[in-house]
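> My questions concern the predicted model and sequence given below.
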Amino acid sequence: MTAARSPLRVLLLAVIAVGLVLIGGGAAVALGIGRGAPVPGSGSVEAGFARDMSRHHLQGVEMANLVPERSTDPEVRQLAFDIAETQQNQVGRMQGWLALWGLPPTGGDTMAWMGSDGGHAGHDTAGAPGDLMPGMATESELAELRSLSGTEFDVAFLRLMIRHHQGGFEMAQYAAEHADVTAVANLAGTIAETQTAEVTTMERMLAARGGTPLPAP
């Protein structure tokens, strides 16, 4: 095993550090959690969503961070900036929640929390490359993306990001409907709404650049 850290792990560690800065006086208010609110358990919808959506988001940030060096398209660059800023901020909130709840930032069976109320079977991601959640790019897809530039990069980036957003929708919608902590449900709802709108925008951008979407996850 190599000792080098993957870009995704480096991003996660950086965002966790930001979340930990908030821990202390007033942290609950800063992170949108009311003082004295019940603390979710490790297998809860809240904890599972925070962990899994953090990892899902961070791959989106990783892809968006490739754009400044590989694209000269102002519209694509602005989109990538917005995605990176928004999703990294949201990961900071989710990792801050986990720290406040005294829970580890990673772990647990991927998306198992989506069946925690008995009404959803969850997703079987066993055997998926790297235990990928729906919509996430494989290492080979990321490697190909890193090798491109110009319009070729823009088209590949938009295709991967559209699928990425589509893949995260069901997680966000489920958490919005099932989380007992209001701040978690609200953030999940915001993610579902925002990413749905961004998919529409990206599909238009992709068509304008001569590309077609990947199959939905």
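Yes, it's here.

> C-alpha from now on. contacts and neighbour counts both.
Noted.

> Pick out the residue closest to the middle of the protein.
Residue closest to the mean C-alpha point of the chain, counted by CA atoms, centre = their mean, is H57 at 1.7 Å.

> Helix, strand, or coil at that residue?
helix (DSSP: H, G, I helix; E, B strand; the rest coil).

> same deal with the one 3 residues further on?
When the structure is split into helix, strand and coil by three-state DSSP, G60 lands in helix.

> Quick check: it touching A84?
Yes - contact criterion CA atoms under 8 Å: G60 and A84 qualify, at 7.2 Å.

> So D109: helix, strand or coil?
coil.

> For the chain, give me the ranges with low pLDDT.
Scanning the chain for pLDDT under 70 picks out 1-37, 116-130.

> now the helices: where do they sit in it?
Counting by DSSP state H, the chain has helices at residues 7-21, 27-30, 45-64, 67-70, 74-100, 139-147, 150-178, 182-208.

> nearest to T106, of these?
helix 45-64 (5.6 Å; CA to CA).

> chain center to that closest one: distance?
In terms of CA atoms, centre = their mean, to the nearest Å, the centre of helix 45-64 is set 3 Å apart from its chain centre.

> Need the winner for burial among the helices of the chain.
helix 45-64 (a mean of 24; mean count of other CA atoms under 10 Å).

> what's the angle from it to helix 74-100?
Per axes from the mean of the first three to the mean of the last three CA atoms, to 10 degrees, the angle that helix 45-64 makes with helix 74-100 is 150 degrees.

> OK, contacts around the residue nearest to L214 when sequence neighbours are not counted?
Nearest residue to L214 in three dimensions, chain neighbours excluded: R159, at 5.9 Å (CA to CA, 6 or more residues apart in numbering). For R159, the contacting residues are L206, G211, T212, P213, L214, by CA atoms under 8 Å, 6 or more residues apart in numbering.

> Throw these into JSON lines and include distance to A183, thanks.
Shown next, in JSON lines, are the contacts of R159 (distance: CA to CA, whole Å):
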{"residue": "L206", "distance to A183": "34"}
{"residue": "G211", "distance to A183": "37"}
{"residue": "T212", "distance to A183": "36"}
{"residue": "P213", "distance to A183": "33"}
{"residue": "L214", "distance to A183": "33"}
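
> quick one: F49 and W113, what's the gap?
7 Å (CA to CA, to the nearest Å).

> still on that earlier bit, wait, which of the helices of the chain is closest to V39?
Once those are compared by CA to CA, helix 74-100 is nearest, at 8.6 Å.
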